[in-house]
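Undergrad: this one's sequence-less:
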């Protein structure tokens, strides 16, 4: 997996999770196949991971980055 400065997991729906990251500049490419294999083994066989490189993450009022975000509506 790519070395990261910061990372974030975003649950897009019940089967899709996006791994967002800010690279550390090492040039090491993310391992999407490995990430999918791990997620399907640990979470559920139907999970589909995607990877998205970011320049920055939005920060909350405290200045922190939310490491885990769910975009699934409540209720």
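TA: Nice, thanks for sending it over. This structure is a prediction, so every number in the text was calculated from the model and none was measured.

Undergrad: please make it C-alpha for all contacts and neighbour counts, starting now.
TA: Noted.

Undergrad: contact partners for the residue nearest to residue 69 when sequence neighbours are not counted?
TA: Spatial nearest neighbour of residue 69, chain neighbours left out: residue 10 (4.7 Å); criterion: CA to CA, 6 or more residues apart in numbering. The contact partners of residue 10, taken as CA atoms under 8 Å, 6 or more residues apart in numbering, are 17, 18, 19, 20, 68, 69, 70, 71.

Undergrad: the last one contacts residue 12, doesn't it?
TA: Pointing back at residue 71 there. Yes. The criterion here is CA atoms under 8 Å, and residue 71 meets it with residue 12 at 5.3 Å.

Undergrad: those two - which one has more neighbours?
TA: residue 12 (14 against 11; other CA atoms under 10 Å).

Undergrad: tell me the bridge partners for residue 19.
TA: Residue 19 has these beta-bridge partners by DSSP bridges: residue 9, residue 51.

Undergrad: okay, now it: neighbour count?
TA: 19.

Undergrad: wait, isn't it in contact with residue 49?
TA: Yes. Contact criterion CA under 8 Å: residue 19 and residue 49 qualify, at 7.0 Å.

Undergrad: hang on, the earlier thing: could you check how far the residue nearest to residue 69 is from residue 22?
TA: 14 Å (CA to CA, to the nearest Å).

Undergrad: just residue 63 next, same as before
TA: 17 Å.

Undergrad: who's more crowded, these two?
TA: residue 22 (18 against 8).

Undergrad: show me what contacts the most centrally placed residue in the chain?
TA: In the chain, the residue lying closest to the centroid (CA atoms, centre = their mean) is residue 19, at 1.7 Å. For residue 19, the contacting residues are 7, 8, 9, 10, 49, 50, 51, 52, by CA under 8 Å, 6+ apart.
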